[in-house]
Structures are given as C-alpha cells and as structure tokens.
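S.K.: Sequence and predicted structure below; questions after.
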Number of protein chains: 6
Amino acid sequence: MTIARPSGRAPDQLREVRIVRGFTHHAEGSVLVSFGETRVLCTASIDNKVPAFMRGKGEGWVTAEYGMLPRATHTRSDREAARGKQGGRTLEIQRLIARALRACVDRTALGERTITLDCDVLQADGGTRTAAITGAYVALVDAVRWLRARREIARDPVFGAVAAVSVGVYRGVPVLDLDYAEDSDCDTDMNVVMNDGGGFIELQGTAEGHAFRRDELDALLGLAETGIGELLEKQREALAR
Amino acid sequence: MTIARPSGRAPDQLREVRIVRGFTHHAEGSVLVSFGETRVLCTASIDNKVPAFMRGKGEGWVTAEYGMLPRATHTRSDREAARGKQGGRTLEIQRLIARALRACVDRTALGERTITLDCDVLQADGGTRTAAITGAYVALVDAVRWLRARREIARDPVFGAVAAVSVGVYRGVPVLDLDYAEDSDCDTDMNVVMNDGGGFIELQGTAEGHAFRRDELDALLGLAETGIGELLEKQREALAR
Amino acid sequence: MTIARPSGRAPDQLREVRIVRGFTHHAEGSVLVSFGETRVLCTASIDNKVPAFMRGKGEGWVTAEYGMLPRATHTRSDREAARGKQGGRTLEIQRLIARALRACVDRTALGERTITLDCDVLQADGGTRTAAITGAYVALVDAVRWLRARREIARDPVFGAVAAVSVGVYRGVPVLDLDYAEDSDCDTDMNVVMNDGGGFIELQGTAEGHAFRRDELDALLGLAETGIGELLEKQREALAR
Amino acid sequence: MTIARPSGRAPDQLREVRIVRGFTHHAEGSVLVSFGETRVLCTASIDNKVPAFMRGKGEGWVTAEYGMLPRATHTRSDREAARGKQGGRTLEIQRLIARALRACVDRTALGERTITLDCDVLQADGGTRTAAITGAYVALVDAVRWLRARREIARDPVFGAVAAVSVGVYRGVPVLDLDYAEDSDCDTDMNVVMNDGGGFIELQGTAEGHAFRRDELDALLGLAETGIGELLEKQREALAR
Amino acid sequence: MTIARPSGRAPDQLREVRIVRGFTHHAEGSVLVSFGETRVLCTASIDNKVPAFMRGKGEGWVTAEYGMLPRATHTRSDREAARGKQGGRTLEIQRLIARALRACVDRTALGERTITLDCDVLQADGGTRTAAITGAYVALVDAVRWLRARREIARDPVFGAVAAVSVGVYRGVPVLDLDYAEDSDCDTDMNVVMNDGGGFIELQGTAEGHAFRRDELDALLGLAETGIGELLEKQREALAR
Amino acid sequence: MTIARPSGRAPDQLREVRIVRGFTHHAEGSVLVSFGETRVLCTASIDNKVPAFMRGKGEGWVTAEYGMLPRATHTRSDREAARGKQGGRTLEIQRLIARALRACVDRTALGERTITLDCDVLQADGGTRTAAITGAYVALVDAVRWLRARREIARDPVFGAVAAVSVGVYRGVPVLDLDYAEDSDCDTDMNVVMNDGGGFIELQGTAEGHAFRRDELDALLGLAETGIGELLEKQREALAR
C-alpha cells in the first residue's frame, strides 16, 4: 500500500535531524536540535542545590521547563508570561521531558545538584516535545561533562541514552515522525520515549477521533523502535564531535 | 510465579467497583464511582452554549474538570483554589478525561451544547483518573438521556462506551488496577482507556525509574483489555438499573 | 398568622439533620452533615506545626477552608481553582467557620498544632455555612479524640460545643433554617452561631432590600436559640454513637 | 460601674466626627470622613453602564471597593496590588459597604448606571468600615445631586439615609464606637448599619474569644441606635452646608 | 515667541508647590505634596530588616511603591488590587522613585534597615511621579530624623537632596512642569531627577509622535535645572519648619 | 586620556553588529540581531484587527513584547511564564520598544491592523533592549513589505528609520555600546533611541550611584549620535540584501 506523505518521505523515514552543540555560551550544555523545520533550543543549567522536597537526601534532581516563542507557530500564540500562567499543554510537556531525562540519571552520583533543562521552541513544525527530549539529552551530557572536567563529581551520573519520536496513523498508514501537516490531519498519534537498551520509558498515545486497534499499535511501536535507533545514533555522532 | 499484592488480590483482579447513579440531585448526570477505596463524584452538566472557539459550527463540546478534596489523601494537600492555580497533574488529568469522553460523542448530534464533566475525588487510593473516566461515562449517558427525555435532541450523540483502568509492573509481575500501596512502590505504570469495540483511545505509560520491555508492555495491554471488559459490563449494569 | 413554607415545615422547624461520622477514612475527623438537601463534607486534619505568625508561642491554631463543588448548585458555577482565585463569598464563609470553631478551643491545651477544617459542599440547598459549622464541630471533636487516643495531648482542648443555624423573615414571618427556595425569596436573613452555654459567637444579619425592626430581630434570635438547642443535641447524639 | 476608656470617652460617646465634602475634585461625590483619628476618603463615581449580569433590566447598580494605604496602620501592611490579590478582610468589607448603600437606593429610579463607592483608608484607628459607610452615604448623595443637576434622572433614587457604627464589650462594659486601643483589647464587637427609619440593615457581631449573652447584645444594640442617630444628624448637617 | 499655556503660567513657571509634613501620624515620615492640583501622599516606613538579596552585607535598602486611587483621575480607573496586578506604568514609576531616592542615601550609614516610600496619588493632574519624588525626599528625611532622635544610627545616611520635575515641548515651546491639559496635548516630554549638586540622576525623555532636536533637548534641560532649583528650595523650607 | 575597555574596543566603537533576516519562517518579519555576544530574535506578526481601545478609528497599532530565555544570562533566571508574571524590567523594556517603533509608523496608512514585535533574547551580554529596537525595525519593514507584496495596503506606513544604542561613563570615560562587563561595573548609563533625521525618540539615563554632570551628558549624546548613524547604515545594508 502506498500513500503520499505531504513531505514525500517514506512511512518509516525521519525528517533531517541536526544537533548543534554549544549554540549559546552561558549554559553548561546548550544544544540546538532540528527535526526538519522544528527547531528547539535546549539548555542544561547546573545549580548547586536541590528543591526543598529533595534536601538532605544526598541526591540530585533533574527538572525541565518548556516554552514556545509566540511566533514559533503559523499564527502568533499568546505569550504565556503575559497571560500570567503556563497552559496545560506546556505543563504536560515539561513534566514529560523531565521524567524522560530522569530515567537515565543516577541521582546519587549527581550529588545535591539540580540540572534544569530549558527547551524553548524557536520554530514549530510538529514533534516539538520529541525533538526537545532528544536534544535535551545531549545538553545534559554536556553539562555533566562540564562538571566532570572540573572534578566536581567522581563518576558519571548518566547511564545509557534517551531519545524520543512521534508515530501516528496518517490516512490509514502508520508513519514515523509526524510533521505539522500530518499531525493536524491525523487523530491517532503517539509519542514514544526509549532508552538505548530498547526499553520503553514513556508511551503517550491519543486517539481523540478514531480508536486504534492492537495491530496498529504494534506497527506504531515497531516504527518508533526503528526511529529511536537512528536518533540515538545521531546523538552519539554529535557527542563524538 | 506468585506475588502477594498488598490487598491480596490476584494479578488480574479489579478492586470492587460500585457505580451509584443520582448521587446528587442538581446535575443532569451525577455518579459516585468507587474502585475499592477510591471514590470519585462525577457530574455531567449541560450548558446550551459552546466555548468561543466552537461557535457557529453547529457542533457541541465535551470538556472536563478534575479536583481532589484537600483531605482525599493520606496527608492534607493544599487546596488548589487557595493556591490560586491548578497544578500540572490536575490539568493533565482533566485534559485526559475530556479527550477520553469526546471519543464516544458525535458532536454534531449533540448540537451547540457543552457537557462539562466534573470529577471530584472524595477519597483517593490510587487510580483516581481511571475511576473518573469510568464514572464520567455513566454521568454523560444520564445527561444525554435527560436531554432526550425533553426531546431537545433528535438522536443519541453517544456511540459505544468508554472505560479506563491502570496496569503496572509490581515487584516484577504485571498487575491490574493498582491501588495506592502498589502505585507508590512501583515505578512502571500505565493508564489505558478503551472503547467497547476493543479500540485504544489513550495509552499513557510511564517508567520513571525502570524502563519496560516490549513483552511486559504486551502483558500489560492484555490485562487492561480484560479489566476494561469488566468495567464496561459494570457500566451496562448500572445504566440498566 | 399562618404561612405556607415551600417545604411545608412549621416556622420553628429545622430540616431533617443527619450527621455521619467517618464518612471518609484518611482524615482524623470526617463528617458528612446534611440539613435537608444541603450536604457538606467536613474533614478535620491535624498538622504538627503552626503558621509563621503563631510560631514559638506554645499555642495551636484552628483554621478552615470552604469550597463548593461546581455542580453542588442548580446551575453549574465556575470552579474556583480554575478561575485562579477564591471569591469574596468563599473567603467570608471560611473566615466565619474558623472564628466559630476557634471559640471552643483552648489553644494552649492544643499545643503547637494546626487543625484545618475543610468544608466542601457536595450539594447546596441553602444554609451551607451553618451546616458546615455544625458538622465541623463534630469533625473537630473526632480529630481531638484521635490525638488523645495517641496520648499526644494531656487534656481536652475543646470546651463546650458550637452550632449554627440561619433564620430569616419569609413573607413577613420569622422562620428557622431557610432552604434555598426561602432564601432566594427573602431578603432578610441572619446566620447565628452559638455555644452550649447560650452565648452568641457570631451574628450576621443582612437586609439588603428591607430593613428589619427590633421586634423582628428579637423574634429571629429566639428562633435561633431554639434551633441551635436541637442542633447541639444532634451533635451529642452523633458523638455518643 | 465605671471604666476608663483609653480615650477618656463616656461609654456612649462617639469620637469627634467630621465630614468634608468635595475633598477631591474629579469624582461626582468626594468625602473625607473622620471618626477621631480614623480617616477615610470616600468617592462616588458614576458610570453610564451596568455590569453584565444587570444589563437590559432598566435598573442601576451600586458597588463598592475598599482599600487601605499601606501605612494607614501602625506598622506597614503589604500593598494588595503588589501582592496580587485583595485579602479576605478587604473583600468582606467592600461587600458590606455595597450592601449597606444599596439598601437606600431605588435602582429603577437610578436607571442603567453604576455608582462605585471607593473607600480608601488614609489613616486607621479602628472603625474604618463604619466610617466608610457613613461617609460613602454622603458621597452617594452628592453624586446623585450631580446627576439631578444635569437633569439626567427624573426623580431621586436615594430614599432615607444609612449610617454605621461599631459597638463592643470593653472590659465588661458595653461601649460605643471602638477605637484601635479598645478594638485590640476586646474580643466582642459588632458593626451595626441602620437607616433613618430605625431599621437594621446589617448586624455583624463577632465574639472570637468570649461569647456574649443576650442582655449584652441588647445593650449593644441600644448603644448602636443612639450612636447612629447622631451620625445621621452629622450627615444631614454636612449635606445642608 | 508667546504661547498661552492652559493655566496661564509662563513657560518657566512651576505650579504652586506645597509640602505638608506629618499629614498622617503612624508613618515615620508622612508628607502631602501638591504640584497645583496634583496631590500625592508620600510616607516613609522603617523596617529593621532588609530583603533577602541584601542580607548580611551590613547595608540598608530603600524601595518605593506607587499607587493611584481609582478616582484620582478624570474618569475612574480600575483598582490594581482588584485586577490582581500592578500595571507596567505603575511598576515603571515605582522603580524610578526608588532609584532616585537611593541616589542620596549612604546605605552603610543606614545599617540593615529598609525604608519603604509609599507614594499614593490622591488627585492627579499631571506630573505625579515628579511630585512623588520631590515629596518622598522630605518623608525620607523625616524618617531618618526619627531614627536619629532615637539614636538608632550614628550618622546621617542622607547626603544632599533630590527633586524632580517634568519638562516638555508644548505647541512648539519648551515649558516647565506640565499639567494634565498640557501633558495630553504634547507628545514630547521628559522627566528629570537632579540632586542639589546640579548632577543628573535620571532623565526619561519620550517623543512618541514627534522626535525632538538636540537644541530642544538643551532648552528642556535648562528649564529642568531652573525648576529643580526652586523645588529644592521648597524642600529646604518645609524641612526647616 | 586612555582606558582599557574589557573588550579592547575604542570608546566610540560599536561591537560587531549582524542582522540576519528570515531567521525563522512563520513570521511576516523575522530577524536575528547580534550586538557582539548579545543575540535577540525579533519577529513581526501581523494581525488583521486592533485592540479594543483602538477599534473603529481606521488606524493600526504597533505593540511589542520582550522576553529573555531563562539561560540567556550567566546564571539561570526564573522563567516569567512559570512565575506567573512579567517583571517590572520586562514591562518597562517592552513598553520602550513599542513606543520607539510607533515613532516611525503612520498608523492611518497601516489600516486597522496590529503589528506585534516579539523580541526574545537568546543570549544576553548587555544592551539587549537597544539590540531589540534596532532588529525589530528591520522585522517591521519586512512585515510591511509582505503586506505591500500582497497589495493589502496602498502606501508604505513606515517613514524614516529607528535605531538604538546604549552609552555610559565607564571608569570616568564616556563609552559607546556597553557590554555586560562594562554595564555591571558602571552606574551611569543611558539608552538612546533616534531616527534617521537625527531626532531623539527616547532618552533613558540612570545614575543610581553617581550623578552625571551636564558636560558628561553632552559627551554621551554625541557618542550616541555617532553610534546610531552606524546602526542605521547596518539596517539599510541588511534591508538591501
């Protein structure tokens, strides 16, 4: 069976992925990640203390914040700072990013420090949360390397790697890495976060209009496994440069 | 392999489920749902208008709000109204409930009306969001019956049924319908929403500490299918009374 | 002179009052109180510290919060947590509840602890604040018994008892314990809080449309004294079970 | 029985009351009222529309806002605008002022207009809410005269007059018009609003520490009747100048 | 060249300036300053601690808050406390007042204390921020005298004096101390803060509609120097009384 | 007299200025402007309506919003969206940007449209507001060209050009275009906005610690005139590409 994806990609084909380290200079880790036209600036900031609920345990903490510049989108969205609160979608995404990254950090090895991952979308074209997770991992590794270069921590708190991708059923066909044109015309999609051991860290599948069958789900999971394998490779290449 | 669940239940055993219709009198639909010690009051309220972004389309809207009484939990939580904002968890859950219920409503048949599902947790013991979805479906049907009894709508906008359950890996064993004792001691859990056609509406799996393998995922999905089958039956019985 | 109260009650007749202890299980005190169709869940929660302004005095504190479920009323009200603030009516009522209950607590005997009384209206039919005070007293006693059973305090900090009722002039006749139908058709009403020594703790009389004469005021106070006597008896019965 | 009030006043003696009309120039009514050292600026502002919930009824609306300058008090209080919300006490007082003044306005005669009474405390020494009501009445009359001078309304919407005073039990003796020194050393006090027909519009009595007996209540009401008689006379004199 | 200023003043003529000390009694410094019909109540409050970011440095802090009573203006403005936030104009003005006054305070001599200058506009007719700075200086000196009278500080932390005035180009002519009629009909205006050594502390010139030339700027600065000289003299007279 | 600026620049030397048009793709105008290490993304968004206070006048509106990514700075700042409000500095800067750009727009020629200039700082090294104004002008011109290319407006609403630069006294010497190292070690600085006719649009000079003399002010204005001349040339070059 054949479909024409709006971008002309094959069903199991990622968009072009670029990972630029050191995009800005103040943060301990700073990565500009692009999944096609989606561009997210991910910074990792180290703070030598932990939130109140973590104090005195000898463990560190990893948290995340997510934002979208008002004109990252086709039409301008309200600035959340001006509206006076972060929307439900924003909170949901930043909680997801934080959980995903905590899954590869040994908090005892980190010590009583907080690493904050700020993921700010400069341009949106679908898949901002999966690009954010994939890029934030690289920023996190850079921040940890910065700590280790100063000999502030004895052993590496990052174990394994984490990446994320979206999959969905577009016009009846399971496809990988939805862009905005597909996302807005497809009511079944799933965000998948995995580690480099092939384990699932997060699955968030939504079928607001049309429920998906078990066999569709299986096909989507297969696509995600393939795509995440490639993303993990991109991360390795970027970190080796 | 055997484990002792804290409650003594079998791995594939739901807690006792009760669905009390007409629990309060003002709402068009009002259901007290219990999954064991978890008790959620779900009301469905009809308003003869739609939000601004839906106006003039001839379609209805279904939305949800979720709240937890301050002392629904073991230790008292802050009242969100007093803190001045709803937390990320609350927003995430109410967005989930709304999406789940919209999946079984034909918005054109509903006409320009909003149905708001308020799910307020009177007592929490794990699984409040899945109980809320399961109960809110019954409240929704009652509200629609109220509309139809007054001949305000020509045909039934509810198609099929929707229910939800949690599943997780507890001490290495996949189990159904986690209670609080299991939930707090198990870092892999998944909330599953399905319809009565066996289709998946939402999957939200989280493995903050420990990633789950594909075979675990398959076992969890199987448990969820079984559990949701029983919940759909409970809903049918309640609606037949 | 005869009037027909919408409910058919005599002018000096309370609605049916029920007080169910242990309605939920986590709180140290948990009471579902009903004045007819008005139902309020009152929980008393103990916290082993006091607010900043009370610290270091060796005294305890009693505070209250009040909420109304969105569909406790005939038409749905906005959820205060979603609007981002508690309204003036809510703040006024919770301040009243707290003052009323503090009037029967010896804060030195309580020690540096806070008891928070959460009064959440599940269904409203007039008189929610007076039902809340009457029920919260019972929850407070239960919480204090819980403390004493654990020998955390040496002597009973609760002295006497407190209950509340509304009175008003309905179609020219002073009546006791207004329900919603009366309340909305009567612009003179008064909430009265008294203790079991016959002392007045709070009087809040409002005549937005029509001012009340001194003789009407005297009649209303007489009705309140009678009604509160019966409520104090109901509290005693409930606490003796 | 004799007591020494801190101010040396007799138990039934008001503080010196001054009512200055035209204190500022932009408002349709502007009154600086003093009860001894308590000074409140009351302005009445006319707006030729009504709030949404009143629209299309052909009736007007009267509302009030209350504020305290940060250093109106002995020690500086936080500015409510800076804290981002009005406290419960402020909301309670402004609701009281508005209800009190609505009790002497024929809203049909006012037409679809809103009169906002802003009561801002420049200096506080007890009794700010009763001074505010007493002064706001004069500002309201001035605003209505302004309307009538322009022939915008056909007949006078203000009927009768309204004034307010506090009473309390200070060291066992009922006294009139509490100042700060008495208020802070006396836990039984009552604010009384009456009209010039001798009718009660609001009674708000609070006995946080010590409950008051019926005979004390009667004595307090008698003092209030006397004091309000004098205040109504002060209003008449001011309006005649 | 001649113009008629609405007030009939000469181009380099200030409005009548009055400075009343001790206008209210609780604050350590309390000044009612009038620039013509603009009237601002400035209080200086002393607190024996400093904000968190200043702690432990052995230095004091000077801060300011600005407010406008709702009916200080021709038409009523919303109360910022009711809207739940201070507007950008308010924040901008209070930051300006604070910087201006900090410029004449030796924070080491002040010790770990905060002086808060509250500037509340009772009536507005243009130039509220310049009147506020000019009056707040006098309140600040009074508060410091209060400290010195109690021998709480060893040496005077106030060096020199600070005053402010507005200047602008009105119908082509540079004029001093704009009133509301001029301000609203002139799109080039500048607020100037100077000390008694002839130094500039703040310059804020805005030409939203029409840009000003260098020679106009020079003329405006000259007018400001003259006007501020007179204001400094008024401050000295007030402080000598 | 010689000083060593930290960057080695001459006193009248700008940092390297780069203006990249079309940096993102959705906005009608999108410019990345750099003043040395300070990098600001300026987008211009067109909306075919105006705010309520401008409706029905046949005129357009130009507004601005300013934000700083949390890790644009040396140490991470709180995200304003998370804190729930924009700080005073942010509001002050965005009001300045908006006034500056409105000074070169003929609002009648624009018609009933709003152009919103979003200036988001990706990296901060001093001078973010002056870089923002300089870049926003180019984004504004691009947005207007977009409108004209679609023939939505008949004539060009932009007249002249606007640019901005900071100047200050660093170690006694007036210097142009302060970077962060200079800015934090120099308490006299001024932001100057000018147009291409040599007119001043905004002057904001602040001397919190040390007041500046008239001759210093004259020197600073001279430097600003020179610097802005170069910036206007950079804008022209960028717009000609």
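M.R.: Received the coordinates, thanks.
S.K.: Any stretches of chain A with poor pLDDT?
M.R.: Within chain A, the segments meeting pLDDT under 70 span A:1-2, A:187, A:208-209.
S.K.: remind me, longest helix of it?
M.R.: helix A:214-240 (DSSP state H).
S.K.: now that helix, how far from the chain's geometric center?
M.R.: 13 Å (CA atoms, centre = their mean, to the nearest Å).
S.K.: what's residue A:135 in contact with, if anything?
M.R.: Residue A:135 makes contacts with A:19, A:31, A:32, A:33, A:40, A:42, A:119, as judged by CB atoms under 8 Å, 6 or more residues apart in numbering or on different chains. Where you see a C-beta, it was placed from the backbone N, CA and C, and this is true even at glycine.
S.K.: Just the closest of the residues you listed to residue D:96, please.
M.R.: Comparing the contacts of residue A:135 against residue D:96 with CB to CB places residue A:119 closest, at 49.4 Å.
S.K.: Please give the three-state secondary structure assignment for the closest residue to that closest one other than its chain neighbours.
M.R.: Closest residue in space to residue A:119, ignoring its immediate chain neighbours: residue A:132 at 3.7 Å, by CB to CB, 6 or more residues apart in numbering or on different chains. Residue A:132 falls in the helix class when you classify it by DSSP: H, G, I helix; E, B strand; the rest coil.
S.K.: tell me which residues form a beta bridge with residue A:118?
M.R.: residue A:43, residue A:65 (DSSP bridges).
S.K.: Can you tell me how far it is from residue F:83?
M.R.: Distance of residue A:118 to residue F:83, computed by CB to CB, to the nearest Å: 14 Å.
S.K.: Could you check how far residue A:178 is from residue D:194?
M.R.: Taking CB to CB, one finds residue A:178 at 70 Å from residue D:194.
S.K.: and if you look at residue A:226?
M.R.: From residue A:226 to residue D:194 the distance is 82 Å (CB to CB).
S.K.: give me the number of residues near residue A:30?
M.R.: 26 (other CB atoms under 10 Å in any protein chain shown).
S.K.: try residue A:169
M.R.: With other CB under 10 Å as criterion, residue A:169 counts 22.
S.K.: go on, residue A:215?
M.R.: 9.
S.K.: quick revisit: angle of the longest helix of chain A against helix B:214-240?
M.R.: 140 degrees (axes from the mean of the first three to the mean of the last three CA atoms, to 10 degrees).
S.K.: which parts of helix A:214-240 are buried?
M.R.: Neighbour counts over helix A:214-240 (16 or more other CB atoms under 10 Å in any protein chain shown) mark A:216-217, A:219-221, A:223-228, A:230-232, A:234-235, A:238 as buried.
S.K.: swap in stretch A:56-69?
M.R.: A:59, A:60, A:61, A:62, A:63, A:64, A:65, A:66, A:67, A:68, A:69.
S.K.: Could you tell me which of those are located in strands?
M.R.: A:61, A:62, A:63, A:64, A:65, A:66, A:67, A:68 (DSSP state E).
S.K.: Save the residues you listed as JSON lines, and put in distance to residue D:14 too.
M.R.: Below are these laid out as JSON lines (distance: CB to CB, whole Å):
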{"residue": "A:61", "distance to residue D:14": "62"}
{"residue": "A:62", "distance to residue D:14": "66"}
{"residue": "A:63", "distance to residue D:14": "60"}
{"residue": "A:64", "distance to residue D:14": "63"}
{"residue": "A:65", "distance to residue D:14": "59"}
{"residue": "A:66", "distance to residue D:14": "62"}
{"residue": "A:67", "distance to residue D:14": "59"}
{"residue": "A:68", "distance to residue D:14": "62"}
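S.K.: Strands along chain A, start to end?
M.R.: Going by DSSP E, chain A shows strands at A:17-21, A:29-35, A:38-47, A:61-68, A:114-123, A:162-170, A:173-176, A:188-195, A:200-207.
S.K.: Please list all residues in contact with residue A:231.
M.R.: Contacts of residue A:231 by CB under 8 Å, 6+ apart are A:14, A:17, A:134, A:163, A:164, A:165.
S.K.: With residue A:225 instead?
M.R.: By CB under 8 Å, 6+ apart, the residues touching residue A:225 are A:194, A:198.
S.K.: and the gap between it and residue A:199?
M.R.: Residue A:225 is 11 Å from residue A:199, by CB to CB.
S.K.: just residue A:91 next, same as before
M.R.: 26 Å.
S.K.: for chain C, what are the nearby residues on chain A?
M.R.: Residues of chain A lying close to chain C by CB under 8 Å from any CB of the partner chain are residue A:85.
S.K.: Get me the contact residues on chain A for chain F.
M.R.: A:24-27, A:30, A:37, A:39, A:41, A:43, A:45, A:47, A:65, A:67, A:69-76, A:79-82, A:84-86, A:90, A:116, A:118, A:120, A:122-124.
S.K.: Could you write me a ChimeraX select line covering just the buried ones among those residues?
M.R.: Buried residues within these, by 16+ other CB under 10 Å, are selected in ChimeraX with:
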select /A:24,26,27,30,37,39,41,43,45,65,67,69,70,71,72,73,76,79,80,81,82,84,85,86,90,116,118,120,122,123,124
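S.K.: Nearest to chain C: which residue in chain A?
M.R.: Nearest to chain C, among the residues of chain A, is residue A:85, at 7.5 Å (CB to the nearest CB).
S.K.: leaving aside the residues next to it on the chain, what's closest to that residue?
M.R.: Closest to residue A:85 by CB to CB, 6+ apart is residue F:84, at 5.7 Å.
S.K.: so the one you found makes contact with residue A:83?
M.R.: No. Applying CB atoms under 8 Å, one finds residue F:84 not in contact with residue A:83, separated by 9.4 Å.
S.K.: Adding distance to residue C:154, write the strands of chain A out as a markdown table.
M.R.: Formatted as a markdown table, the strands of chain A follow (distance: least, CB to CB, whole Å):
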| stretch | distance to residue C:154 |
| --- | --- |
| strand A:17-21 | 65 |
| strand A:29-35 | 57 |
| strand A:38-47 | 46 |
| strand A:61-68 | 42 |
| strand A:114-123 | 44 |
| strand A:162-170 | 56 |
| strand A:173-176 | 69 |
| strand A:188-195 | 55 |
| strand A:200-207 | 52 |
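S.K.: Now stretch A:59-69 - C-alpha only, PDB.
M.R.: Output of stretch A:59-69 as PDB, limited to C-alpha atoms (Å, rounded to 0.1, in the frame of the first residue of the first chain):
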ATOM      1  CA  GLU A  59      20.700  13.000  45.800                       C
ATOM      2  CA  GLY A  60      20.400  15.400  42.900                       C
ATOM      3  CA  TRP A  61      17.400  16.400  40.800                       C
ATOM      4  CA  VAL A  62      16.600  16.800  37.100                       C
ATOM      5  CA  THR A  63      13.800  19.100  36.000                       C
ATOM      6  CA  ALA A  64      12.600  20.700  32.800                       C
ATOM      7  CA  GLU A  65      10.800  23.700  31.500                       C
ATOM      8  CA  TYR A  66       9.300  24.100  28.100                       C
ATOM      9  CA  GLY A  67       8.300  27.200  26.200                       C
ATOM     10  CA  MET A  68       7.300  28.200  22.700                       C
ATOM     11  CA  LEU A  69       8.200  31.600  21.400                       C
END
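S.K.: how much distance is there from it to the middle of the chain?
M.R.: Centroid separation between stretch A:59-69 and its chain, computed with CA atoms, centre = their mean, is 11 Å.
S.K.: The residue nearest the centre of chain A and residue A:159, how far apart?
M.R.: Nearest to the geometric centre of chain A sits residue A:133, at 1.5 Å (CA atoms, centre = their mean). Separation of residue A:133 from residue A:159 (CB to CB): 16 Å.
S.K.: Run the angle between the longest helix of chain A and strand B:200-207 for me.
M.R.: Going by the same axes, to 10 degrees, helix A:214-240 makes 40 degrees with strand B:200-207.
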